[in-house]
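> return a 3D structure for these sequence lines:
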Amino acid sequence: MLKPAPRSRGFVRAALVCGFAVLCCHVAAPATAVDIALPELGDTSSAYVSPQQERRIGQAWLRMFRSQVRTVSDPLLEDYLEHVVFDLAAHSQLSDAHLTVVVVDNPTINAFAVPGGVVGIHDGLLLYAKHEDELASVIGHELAHLSQRHFARSVEEAKRNAVPNMLALLTSLVIAATAGGDAGMAAITTSQAAIQQQQLRFSRSHEREADRIGMLTLVNAGYDANGMPRMFSRMLESMRYNTRRPPEFLLSHPVTESRVADAQNRARNYSDQGRQDSEDFGLMQARVQVGFDETPGYSIKRFRAEIEKDGGLAIGNVYGLVLALTRANELEAARNELSPLLKNYPGNIAFTLAASDIDVASGRAADAVSRLRKLLALNPDNRPLSMSYADALLKTGDAKTAERVLVSQSKLHPDDPQVWYALAETHGLAGNIVDVHRARAEYFILNGALDRAERQLGYALDLADGNFHTSASVQARIADIQEMRQEIDL
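Numbers count the residues shown, from 1 in each chain. Predicted structure coming up:
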């Protein structure tokens with residue numbers, strides 16, 4: 001079994017380089033101006049940090065971040081949030097929509113965008129957003145910081161003081177995501193004060209610009225522009241009632257009465273007939289809530305009370321009850337609650353996955369395989385379905401088929417650590433020992449554990465036993481690791 005990636009020994013060196021990324025944290029999505037053409041930024045900021053450098057820095061930072069911070073391993077939730085992000089990005093002013101989405105396991109209000117196209121979302125954000133347009137407004141604001149290259153422009157202004165200040169901010173972001181509460185607030189507040197003194201924080205003009213462009217993105221993607229002022233108001237209210245621990249997002253993106261008023265005034269220029277909340281939004285809210293509740297029993301009481309209030313009209317509450325009952329091992333009750341959902345929504349991926357989980361927990365993995373195979377025929381290569389399908393196949397002893405499924409997923413999602421984690425275990429069960437080590441290496445690389453990754457590739461090289469193609473591929477990957485190490489040693 002793989003062990004969690006350790007704290008990187010090159011943390012400080014990585015932070016010096018990767019800290020560039022953090023300045024664009026906690027923002028939203030850029031807008032595709034339908035009727036407004038924004039001026040080009042020019043090349044002056046690229047003289048300090050080019051887009052290519054931003055991407056390298058962002059990916060290096062992400063490896064370090066994963067080694068420090070607990071991220072979500074839930075393909076269904078990740079798939080939903082990626083869909084929201086990429087949909088907004090398609091309607092934004094991003095010239096390069098090559099994005100990596102990372103979901104942080106943290107109940108606080110927070111999202112961030114890192115130069116190089118890394119978008120991070122705390123899953124707790126879904127519980128604060130009452131509607132999907134509110135969630136989208138935060139992400140839209142973040143994407144706007146990326147499209148306008150606020151990071152590079154800040155570096156241009158900061159010049160000599162950039163590295164130490166960004167190191168402090170990077171460290172505070174990691175603390176916020178791991179510790180939260182007073183420790184996270186103190187770390188961010190301290191680094192924020194220092195950087196503000198040297199004018200390295202997002203300027204007010206950058207925030208106004210991100211609000212404006214983020215709202216354009218929101219509207220162009222079909223959402224209600226009022227989602228932004230509503231979310232701002234919710235954040236402001238949260239800060240008032242929790243003065244000791246304001247949301248981390250507000251520490252780097254202060255929300256004031258005037259900012260809420262500006263957003264409200266701007267929203268009046270647009271129609272308020274945005275798209276309705278998707279079914280998936282309510283389902284993912286319920287999924288996150290079950291994950292945060294202390295016990296399944298508490299979740300069961302919560303969702304039964306909600307169902308009694310709304311008469312079961314909100315399918316998210318019924319779905320949440322199914323998940324909670326499954327976690328409590330009340331499988332027959334879970335199956336009974338899920339049955340109407342499967343009947344009324346036969347192609348719904350979330351409900352099918354819930355049913356397959358009940359099948360597996362009931363010792364009926366073959367039923368889960370059959371159920372998932374049918375829906376995969378309609379949704380080829382769907383990641384959540386494929387991951388559950390591979391797991392069910394393993395439960396039936398069919399490691400070879402599971403291996404083929406996960407190899408395909410590793411090609412489609414090479415930046416997903418959990419795909420490589422599952423593939424390493426599956427290679428082992430299939431008797432493919434060389435590729436066990438190669439898959440483990442990819443998992444460790446993505447989690448910033450370069451030394452452990454290189455050791456795994458060394459084992460693979462020893463076992464390649466004269467296979468020229470395999471040996472050459474492994475040696476090339478070792479060279480890649482050495483280059484990654486040089487980047488963080490700069």
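
> can you tell me the closest non-neighbouring residue to residue 340?
Counting by Cβ to Cβ, 6 or more residues apart in numbering, residue 318 is the residue found nearest to residue 340 once chain neighbours are left out, at 7.8 Å. For every residue, glycine as well, the C-beta is placed using N, CA and C.

> got the contact list for the one you found?
Residues in contact with residue 318 (Cβ atoms under 8 Å, 6 or more residues apart in numbering) are 303, 307, 312, 337, 340, 341.

> hmm, which of those are the buried ones?
Buried members of the contacts of residue 318, counted by 16 or more other Cβ atoms under 10 Å: 303, 307, 337, 341.

> so where's this protein uncertain?
Residues of the chain that meet the criterion pLDDT under 70 lie in 1-49, 149-177, 179-204, 241-255, 488-490.

> which helix in it has the most residues?
When the chain is parsed with DSSP state H, its longest helix is helix 468-488.

> which other helices and strands contact it?
helix 11-22, helix 51-68, helix 433-446, helix 450-464 (3 or more Cβ pairs under 8 Å, 6 or more residues apart in numbering; DSSP states H and E).

> quick one: the strands in the protein?
Ranges of strands within the chain are 100-104, 111-114, 118-122, based on DSSP state E.

> buried deepest among those, which one?
strand 111-114 (a mean of 30; mean count of other Cβ atoms under 10 Å).

> what's that one packed up against?
Here strand 111-114 touches helix 11-22, helix 51-68, strand 118-122, helix 132-147, going by 3+ Cβ pairs under 8 Å, 6+ apart.

> and the buried ones among the contacts of residue 318 as TSV, adding distance to residue 63?
Converted to TSV, those look like this (distance: Cβ to Cβ, whole Å):
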residue	distance to residue 63
303	38
307	43
337	41
341	39
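
> could you list which of the residues you listed belong to helices?
The members of those that map onto helices under DSSP H are 303, 307, 337, 341.

> contacts only, for the last one.
What that stands for is residue 341. 315, 318, 319, 322, 348, 351.

> need these in JSON lines (columns: distance to residue 361).
Output for those, formatted as JSON lines (distance: Cβ to Cβ, whole Å):
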{"residue": "315", "distance to residue 361": "22"}
{"residue": "318", "distance to residue 361": "19"}
{"residue": "319", "distance to residue 361": "17"}
{"residue": "322", "distance to residue 361": "12"}
{"residue": "348", "distance to residue 361": "20"}
{"residue": "351", "distance to residue 361": "16"}
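
> give the ChimeraX command for selecting the buried subset of those residues.
ChimeraX command restricting the contacts of residue 341 to the buried ones, with burial defined by 16+ other Cβ under 10 Å:
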select :315,318,319,322,348,351
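
> ok, so of the contacts of residue 341, who is nearest residue 380?
Checking the contacts of residue 341 against residue 380 by Cβ to Cβ gives residue 348 as the nearest, at 17.0 Å.

> how far away is that closest one from residue 279?
In this view, residue 348 and residue 279 are 8 Å apart by Cβ to Cβ, to the nearest Å.

> cool, residue 419 as well?
Noted for residue 419: a distance of 26 Å to residue 279, by Cβ to Cβ.

> please identify which of the two sits among more neighbours.
residue 419 (27 against 14; other Cβ atoms under 10 Å).

> which residues touch the more buried one?
Here residue 419 is in contact with 383, 387, 406, 409, 410, 413 (Cβ under 8 Å, 6+ apart).

> make sure the second one is actually in contact with residue 409.
Yes. Between residue 387 and residue 409 there is a contact at 7.0 Å, judged by Cβ atoms under 8 Å.

> number of residues surrounding residue 95?
Residues near residue 95, counting by other Cβ under 10 Å, number 10.

> surely it and residue 143 touch.
No. With contact defined as Cβ under 8 Å, residue 95 does not reach residue 143; the gap is 11.9 Å.

> leaving out chain neighbours, which residue sits closest to residue 287?
residue 77 (6.0 Å).

> for residue 211, see how far away residue 314 is.
31 Å.

> tell me which of the two has more neighbours.
Neighbours per residue (other Cβ under 10 Å) separate residue 314 from residue 211, with residue 211 holding more: 24 against 17.

> so what's the more buried one up against?
Per Cβ under 8 Å, 6+ apart, neighbours of residue 211: 141, 144, 228, 259, 262, 263, 266.

> who are the neighbours in contact with the nearest residue to the last one once chain neighbours are set aside?
The one in question is residue 266. With sequence-adjacent residues excluded and distances taken as Cβ to Cβ, 6+ apart, residue 266 is closest to residue 215, at 5.8 Å. Neighbouring residues of residue 215 by Cβ under 8 Å, 6+ apart: 31, 137, 140, 225, 228, 263, 266, 267, 270.

> show me which of those residues is closest to residue 466.
Nearest to residue 466 among those, with distances taken as Cβ to Cβ, is residue 140, at 54.1 Å.

> what's around that closest one, how many residues?
The tally of other residues near residue 140 (other Cβ under 10 Å) stands at 35.

> please apply the same query to residue 239.
Quick note: residue 239 (other Cβ under 10 Å) scores 17 neighbours.

> that one and residue 61: what is the separation?
Counting by Cβ to Cβ - residue 239 and residue 61 are separated by 28 Å.

> same question, residue 96
From residue 96 over to residue 61 (counting by Cβ to Cβ), the distance is 17 Å.

> quick one, which of these two is more surrounded?
Shown here are residue 96 and residue 61; by other Cβ under 10 Å, residue 61 has more neighbours (27 against 13).
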